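Novice: sequence and predicted model, in that order:
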Amino acid sequence: VELELRNGQITDLYSLAMQAVQELPLTLDFSSKGDKGFKFCNGELPLLEKTRPSLIRSDWSSGQVASAILSGALYHFTRNWAVLRETEQPEAIHQLRVALRRMRSALRMLGRKMPQAEFQTLRAEARRIATGFGPAREIDVFLEAAQSGPLASAECPPGGDLLLQV
(Lines give C-alpha, C1' and ligand atoms only; values in the text may rest on other atoms or scores of the structure.)
Protein backbone atom coordinates (compact mmCIF):
# COMPACT_ATOMS: atom_id res chain seq x y z
CA VAL A 1 0.00 0.00 0.00
CA GLU A 2 1.37 3.37 -0.94
CA LEU A 3 -0.17 6.55 0.40
CA GLU A 4 0.31 9.80 -1.44
CA LEU A 5 -1.22 13.20 -0.74
CA ARG A 6 -2.36 14.67 -4.04
CA ASN A 7 -4.60 17.31 -2.49
CA GLY A 8 -6.20 17.98 0.87
CA GLN A 9 -4.78 18.13 4.37
CA ILE A 10 -1.67 16.26 5.49
CA THR A 11 -3.42 15.48 8.78
CA ASP A 12 -6.06 13.52 6.87
CA LEU A 13 -3.32 11.43 5.23
CA TYR A 14 -1.74 10.74 8.63
CA SER A 15 -5.12 9.76 10.06
CA LEU A 16 -5.69 7.35 7.20
CA ALA A 17 -2.22 5.87 7.65
CA MET A 18 -2.76 5.39 11.39
CA GLN A 19 -6.10 3.69 10.79
CA ALA A 20 -4.57 1.41 8.13
CA VAL A 21 -1.69 0.41 10.44
CA GLN A 22 -4.14 -0.52 13.19
CA GLU A 23 -6.33 -2.63 10.92
CA LEU A 24 -3.90 -4.16 8.39
CA PRO A 25 -0.59 -6.06 8.66
CA LEU A 26 1.54 -3.27 7.17
CA THR A 27 5.22 -2.41 7.53
CA LEU A 28 6.78 1.00 7.04
CA ASP A 29 9.15 1.34 4.11
CA PHE A 30 10.86 4.38 2.65
CA SER A 31 12.06 2.85 -0.61
CA SER A 32 10.47 3.93 -3.86
CA LYS A 33 8.65 1.39 -6.00
CA GLY A 34 11.34 1.85 -8.63
CA ASP A 35 14.18 1.12 -6.18
CA LYS A 36 12.35 -1.96 -4.93
CA GLY A 37 11.81 -3.22 -8.48
CA PHE A 38 15.44 -2.75 -9.53
CA LYS A 39 16.73 -4.42 -6.35
CA PHE A 40 14.32 -7.31 -6.83
CA CYS A 41 15.36 -7.81 -10.47
CA ASN A 42 19.06 -7.69 -9.53
CA GLY A 43 18.61 -9.93 -6.47
CA GLU A 44 19.99 -7.21 -4.22
CA LEU A 45 19.37 -7.04 -0.49
CA PRO A 46 19.54 -3.86 1.58
CA LEU A 47 22.94 -3.02 3.03
CA LEU A 48 23.79 -2.09 6.59
CA GLU A 49 24.00 1.63 7.14
CA LYS A 50 26.39 3.06 9.69
CA THR A 51 26.00 6.46 11.25
CA ARG A 52 26.65 9.43 8.98
CA PRO A 53 27.71 12.79 10.38
CA SER A 54 24.99 15.43 10.35
CA LEU A 55 26.01 18.29 8.10
CA ILE A 56 24.99 21.52 9.80
CA ARG A 57 25.61 25.06 8.64
CA SER A 58 26.41 27.87 11.04
CA ASP A 59 23.69 30.11 9.56
CA TRP A 60 20.88 27.60 10.21
CA SER A 61 18.11 28.21 12.68
CA SER A 62 17.59 25.92 15.67
CA GLY A 63 14.70 24.30 13.82
CA GLN A 64 16.85 23.54 10.79
CA VAL A 65 19.56 22.05 13.00
CA ALA A 66 16.98 19.92 14.83
CA SER A 67 15.54 18.74 11.52
CA ALA A 68 18.98 17.77 10.14
CA ILE A 69 20.02 15.83 13.24
CA LEU A 70 16.72 14.04 13.73
CA SER A 71 16.36 13.29 10.01
CA GLY A 72 19.82 11.73 10.03
CA ALA A 73 18.95 9.50 12.97
CA LEU A 74 15.64 8.52 11.37
CA TYR A 75 17.39 7.75 8.06
CA HIS A 76 19.92 5.56 9.89
CA PHE A 77 17.10 3.73 11.67
CA THR A 78 14.90 3.14 8.63
CA ARG A 79 17.76 1.90 6.44
CA ASN A 80 18.72 -0.69 9.03
CA TRP A 81 15.09 -1.62 9.70
CA ALA A 82 14.92 -2.76 6.07
CA VAL A 83 18.13 -4.78 6.57
CA LEU A 84 16.71 -6.49 9.65
CA ARG A 85 13.39 -7.21 7.98
CA GLU A 86 14.86 -8.58 4.75
CA THR A 87 18.14 -10.22 5.84
CA GLU A 88 17.96 -10.79 9.61
CA GLN A 89 21.60 -9.70 9.99
CA PRO A 90 22.43 -9.40 13.72
CA GLU A 91 24.43 -6.20 13.12
CA ALA A 92 21.19 -4.52 11.99
CA ILE A 93 19.88 -4.67 15.57
CA HIS A 94 23.02 -2.96 16.82
CA GLN A 95 22.72 -0.22 14.19
CA LEU A 96 19.03 0.29 15.06
CA ARG A 97 19.97 0.78 18.69
CA VAL A 98 22.78 3.19 17.73
CA ALA A 99 20.32 5.25 15.67
CA LEU A 100 17.85 5.38 18.56
CA ARG A 101 20.57 6.34 21.03
CA ARG A 102 21.70 9.19 18.75
CA MET A 103 18.10 10.32 18.40
CA ARG A 104 17.59 10.31 22.17
CA SER A 105 20.81 12.27 22.74
CA ALA A 106 19.84 14.80 20.09
CA LEU A 107 16.35 15.19 21.56
CA ARG A 108 17.81 15.76 25.03
CA MET A 109 20.27 18.35 23.68
CA LEU A 110 17.69 20.08 21.50
CA GLY A 111 15.16 20.04 24.33
CA ARG A 112 17.46 22.26 26.37
CA LYS A 113 17.57 24.87 23.60
CA MET A 114 13.97 24.48 22.38
CA PRO A 115 11.80 23.01 25.15
CA GLN A 116 9.08 20.99 23.40
CA ALA A 117 6.84 18.40 25.03
CA GLU A 118 7.03 16.39 21.80
CA PHE A 119 10.80 15.99 22.25
CA GLN A 120 10.23 14.25 25.59
CA THR A 121 7.53 12.03 24.05
CA LEU A 122 9.78 11.07 21.13
CA ARG A 123 12.70 10.45 23.46
CA ALA A 124 10.62 8.14 25.67
CA GLU A 125 9.36 6.24 22.62
CA ALA A 126 12.89 5.85 21.23
CA ARG A 127 13.98 4.49 24.60
CA ARG A 128 11.07 2.03 24.68
CA ILE A 129 11.90 0.72 21.21
CA ALA A 130 15.63 0.45 21.95
CA THR A 131 14.87 -1.45 25.15
CA GLY A 132 12.79 -3.91 23.12
CA PHE A 133 15.83 -4.65 20.95
CA GLY A 134 18.04 -5.21 24.00
CA PRO A 135 17.47 -8.95 24.54
CA ALA A 136 17.97 -9.76 20.85
CA ARG A 137 21.24 -7.81 20.82
CA GLU A 138 22.42 -9.58 23.98
CA ILE A 139 21.79 -12.98 22.35
CA ASP A 140 23.69 -11.90 19.23
CA VAL A 141 26.67 -10.73 21.29
CA PHE A 142 26.63 -13.93 23.36
CA LEU A 143 26.52 -16.17 20.26
CA GLU A 144 29.32 -14.24 18.57
CA ALA A 145 31.51 -14.49 21.67
CA ALA A 146 30.72 -18.19 22.18
CA GLN A 147 31.36 -19.08 18.54
CA SER A 148 34.69 -17.32 18.45
CA GLY A 149 35.69 -18.44 21.94
CA PRO A 150 35.13 -21.56 24.01
CA LEU A 151 32.58 -23.18 21.70
CA ALA A 152 34.76 -22.78 18.62
CA SER A 153 37.51 -25.14 19.74
CA ALA A 154 37.72 -28.86 19.08
CA GLU A 155 37.26 -29.34 22.82
CA CYS A 156 33.77 -27.83 22.88
CA PRO A 157 32.14 -28.69 26.21
CA PRO A 158 29.34 -31.27 26.19
CA GLY A 159 26.09 -29.68 25.03
CA GLY A 160 27.87 -26.67 23.53
CA ASP A 161 26.61 -27.52 20.07
CA LEU A 162 23.03 -27.46 21.38
CA LEU A 163 23.61 -24.00 22.82
CA LEU A 164 24.57 -22.66 19.41
CA GLN A 165 21.39 -23.97 17.76
CA VAL A 166 19.39 -20.97 18.97
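Specialist: Received it, and whenever you're ready, just let me know what you need.
Novice: contacting residues for the residue nearest in space to the middle of the chain?
Specialist: Nearest residue to the geometric centre of the chain (CA atoms, centre = their mean): Phe77, 2.6 Å. Taking CB atoms under 8 Å, 6 or more residues apart in numbering, we find Phe77 in contact with 96, 99-100, 103. All C-beta spots, glycine's among them, are computed from the backbone N, C-alpha and C.
Novice: that one and Met18, how far apart?
Specialist: 19 Å (CB to CB, to the nearest Å).
Novice: flag every buried residue along the longest helix seen in the chain.
Specialist: The longest helix of the chain (DSSP state H) is helix 117-148. The neighbour-count check on helix 117-148 (16 or more other CB atoms under 10 Å) flags 119, 122-123, 126, 130, 133, 136-137, 140, 146 as buried.
Novice: in JSON lines: those residues, plus distance to Ala66.
Specialist: Formatted as JSON lines, the entries for those read as follows, by distance: CB to CB, whole Å:
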{"residue": "Phe119", "distance to Ala66": "9"}
{"residue": "Leu122", "distance to Ala66": "11"}
{"residue": "Arg123", "distance to Ala66": "13"}
{"residue": "Ala126", "distance to Ala66": "15"}
{"residue": "Ala130", "distance to Ala66": "20"}
{"residue": "Phe133", "distance to Ala66": "25"}
{"residue": "Ala136", "distance to Ala66": "30"}
{"residue": "Arg137", "distance to Ala66": "28"}
{"residue": "Asp140", "distance to Ala66": "32"}
{"residue": "Ala146", "distance to Ala66": "42"}
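Novice: out of these, which is nearest to Ala82?
Specialist: Nearest to Ala82 out of these is Phe133 (CB to CB; 15.3 Å).
Novice: isn't that closest one right next to Ala99, touching?
Specialist: No. Phe133 is not in contact with Ala99 according to CB atoms under 8 Å; the separation is 10.5 Å.
Novice: the strand or helix carrying Phe77 to helix 117-148, inter-axis angle?
Specialist: Per DSSP states H and E, Phe77 falls inside helix 62-87. If you take axes from the mean of the first three to the mean of the last three CA atoms, to 10 degrees, helix 62-87 sits at 40 degrees to helix 117-148.
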